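Novice: okay, predicted coordinates and the sequence, questions at the end:
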Amino acid sequence: MNKVFSKILVILVRGYQLLISPYTPASCRYVPTCSEYTIQALKKHGLKKGGKLAIKRIKSCHPWGGSGYDPVP
């Protein structure tokens, strides 16, 4: 069941990448971008751990947060 939810979230993030992201200014502080990081984390670690990693990454994306290369562990 978790795999189904992970796949649904990946589809939603891909939809964001295709439909919304191209119309907003490029402002990501990390490589890979937060959306790509989320997809990689969900595919590699599944819904529970991948979701936690994605939320942690998104929460650190602010002017006083980190930046640079930050791969999925």
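Specialist: Ah, there it is. Residues are numbered from 1 along each chain as shown.
Novice: go through the helix ranked longest in the chain and flag the buried ones.
Specialist: In the chain, assigned by DSSP state H, the helix with the most residues is helix 34-59. In terms of neighbour count (16 or more other Cβ atoms under 10 Å), helix 34-59 has its buried residues at 34-35, 37-42, 45, 47, 50-51, 53-54, 57. To be clear about C-beta, it is placed using only N, CA and C from the backbone, and glycine gets the same treatment.
Novice: of these, closest to L9?
Specialist: Using Cβ to Cβ, L42 comes nearest to L9 of these, at 5.8 Å.
Novice: quick one: that closest one and L9 touch, right?
Specialist: Yes - assessed by Cβ atoms under 8 Å, L42 is found in contact with L9 at 5.8 Å.
Novice: between these two, what contacts are shared?
Specialist: Jointly contacting L42 and L9 under the rule Cβ atoms under 8 Å, 6 or more residues apart in numbering are G51.
Novice: just the CA coordinates of the helix or strand harbouring I8, formatted as PDB?
Specialist: Secondary-structure element containing I8, defined by DSSP states H and E: helix 2-19. Output of helix 2-19 as PDB, limited to C-alpha atoms (Å, rounded to 0.1, in the frame of the first residue of the first chain):
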ATOM      1  CA  ASN A   2       2.900   2.400   0.800                       C
ATOM      2  CA  LYS A   3       4.200   1.900  -2.700                       C
ATOM      3  CA  VAL A   4       0.900   3.000  -4.200                       C
ATOM      4  CA  PHE A   5       1.000   6.200  -2.100                       C
ATOM      5  CA  SER A   6       4.600   6.800  -3.000                       C
ATOM      6  CA  LYS A   7       3.800   6.500  -6.700                       C
ATOM      7  CA  ILE A   8       0.900   8.900  -6.300                       C
ATOM      8  CA  LEU A   9       3.100  11.500  -4.600                       C
ATOM      9  CA  VAL A  10       5.700  11.100  -7.300                       C
ATOM     10  CA  ILE A  11       3.000  11.700  -9.900                       C
ATOM     11  CA  LEU A  12       1.900  14.800  -8.000                       C
ATOM     12  CA  VAL A  13       5.400  16.200  -7.800                       C
ATOM     13  CA  ARG A  14       6.000  15.500 -11.500                       C
ATOM     14  CA  GLY A  15       2.800  17.400 -12.200                       C
ATOM     15  CA  TYR A  16       4.200  20.300 -10.200                       C
ATOM     16  CA  GLN A  17       7.400  20.100 -12.100                       C
ATOM     17  CA  LEU A  18       5.600  20.200 -15.500                       C
ATOM     18  CA  LEU A  19       2.700  22.500 -14.800                       C
END
